[in-house]
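Student: sequence first, predicted model second:
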Amino acid sequence: MTDLSNPQLLGGLPDKRQVAASFSRAASSYDSVAELQRDVGSQLLSRLPEDFVPGRWLDLGCGTGHFSRALAERFPEGQGLALDIAEGMLNHARPLGGATHFIAGDAERLPLHDATCDLIFSSLAVQWCADFASVLSEAHRVLKPGGIFAFASLCVGTLFELRDSWRQVDGMVHVNRFREFAMYQQLCAASGLQAISLQTRPHVLHYPDVRSLTHELKALGAHNINPGRPGGLTGRARILGLIEAYEQFRQAQGLPATYQVVYAVMEKPL
């Protein structure tokens, strides 16, 4: 039986120090290109139970604080905590407000006491955590009974057009790896949290050309940070090969980039 708690079995996910550094560098450019992130986070917010009013909430992987501010607006009586592993993101978010406290921390080892939050909200952050079983365990520990862990993440199938196009050019790792949806299902089932909902939905964005897509990924800090990625500059011939391969996917709206999004709303039993 596969040990799903072993981070070494997750297929070479990126080192969290590289994740933190990459997103810190992207803090100033992130919001200008974060269409997907805003859409997904808004979808996640809409999936919270209508009558649910948390006294204290945590925006886990808060980034620039866009959804910390949205949570503060939706739950004006609550106390908000915003946590991120990237200091650059926290420095950007802090002056904009939303949360009462901004905390540098790791989702796999939350610097919070047991049973202190009613809601943990995390949009497009936990895909960067190699040990997702620990993320779930920490959420279970920090939530009060009856509390909710709502997260949106990415799974296999994300950016398949870019991955397949690069595969025609060379055998290097150019696209970030993500877990199988089945692994999310198994880990959530074993977490001690009860799934109110757990499903995957595709989000497709369109770009006029490959450069627009790769520029956006870099501005988001979400460009390739996997082990095994090619070093140095990418040669002109390989770029032309990538462009030619990607053109096979072109649609009337432009070049598609598919994000396979996992949406989960999990409750800690009373």
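Tutor: Structure received.
Student: what's the distance between Thr100 and Leu81?
Tutor: Distance, Thr100 to Leu81, by C-beta to C-beta, to the nearest Å: 7 Å. (Each C-beta comes from the backbone N, C-alpha and C, glycine too.)
Student: the more surrounded of these two?
Tutor: Set Thr100 next to Leu81 and count neighbours by other C-beta atoms under 10 Å: Leu81 wins out with 25 against 13.
Student: thought the more buried one was touching Leu58?
Tutor: Yes. Applying C-beta atoms under 8 Å, one finds Leu81 in contact with Leu58, separated by 4.6 Å.
Student: mind listing the shared neighbours of the two?
Tutor: Overlap of the contact sets of Leu81 and Leu58 (by C-beta atoms under 8 Å, 6 or more residues apart in numbering) consists of Leu112, Cys117.
Student: where do the strands sit along this structure?
Tutor: Ranges of strands within the chain are 56-60, 79-84, 101-104, 117-123, 143-154, 194-207, 255-267, based on DSSP state E.
Student: dump these to JSON lines, plus mean pLDDT.
Tutor: Putting the strands of the chain into JSON lines (pLDDT from 0 to 100) gives the following:
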{"stretch": "strand 56-60", "mean pLDDT": "98"}
{"stretch": "strand 79-84", "mean pLDDT": "97"}
{"stretch": "strand 101-104", "mean pLDDT": "96"}
{"stretch": "strand 117-123", "mean pLDDT": "98"}
{"stretch": "strand 143-154", "mean pLDDT": "97"}
{"stretch": "strand 194-207", "mean pLDDT": "95"}
{"stretch": "strand 255-267", "mean pLDDT": "96"}
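Student: by mean pLDDT, which helix or strand of the protein comes out lowest?
Tutor: Across the helices and strands of the chain, mean pLDDT, DSSP states H and E gives its lowest value to helix 27-30, namely a mean of 46.
Student: how close does the residue nearest the centre of the chain sit to Gln253?
Tutor: Closest residue to the average C-alpha location of the chain: Leu124 at 2.1 Å, with C-alpha atoms, centre = their mean. Here Leu124 is placed at a distance of 23 Å from Gln253 (C-beta to C-beta).
Student: these two touch, right, Leu136 and Ser191?
Tutor: Yes. Contact criterion C-beta under 8 Å: Leu136 and Ser191 qualify, at 3.9 Å.
Student: any low-confidence regions in the stretch 1-150 of the chain?
Tutor: 1-34 (pLDDT under 70).
Student: hmm, Leu136 and Cys188 touching each other?
Tutor: Yes. Look at Cys188 against Leu136 with C-beta under 8 Å: they come within range, at 6.7 Å.
Student: tell me, what's touching these two both at once?
Tutor: Met266.
Student: out of the two, which sits in the busier spot?
Tutor: Using other C-beta under 10 Å, the more surrounded residue of Cys188 and Leu136 is Leu136, with 26 against 21.
Student: distance check, the more buried one against Leu112.
Tutor: With C-beta to C-beta as the criterion, Leu136 and Leu112 are 15 Å apart.
Student: same check, this time on Pro269
Tutor: According to C-beta to C-beta, Pro269 stands 20 Å off from Leu112.
Student: of these two, who's got more company?
Tutor: Leu112 (18 against 9).
Student: correct me if wrong: the more buried one contacts Leu58.
Tutor: Yes. Leu112 lies in contact with Leu58 (C-beta under 8 Å); the separation is 7.3 Å.
Student: what do those two both touch?
Tutor: Leu81, Val142.
Student: and the closest residue to Tyr246 other than its chain neighbours, how far is that from Val204?
Tutor: Using C-beta to C-beta, 6 or more residues apart in numbering and skipping the chain neighbours, the partner closest in space to Tyr246 is Ser165 (4.2 Å). According to C-beta to C-beta, Ser165 and Val204 sit 16 Å apart.
Student: which one's more surrounded, the two?
Tutor: Ser165 (23 against 12).
Student: for that one, what are its contacts?
Tutor: With contact taken as C-beta under 8 Å, 6+ apart, Ser165 is in contact with Leu242, Ala245, Tyr246, Gln248, Phe249.
Student: report the buried members of the residues you listed.
Tutor: Leu242, Ala245, Tyr246, Phe249 (16 or more other C-beta atoms under 10 Å).
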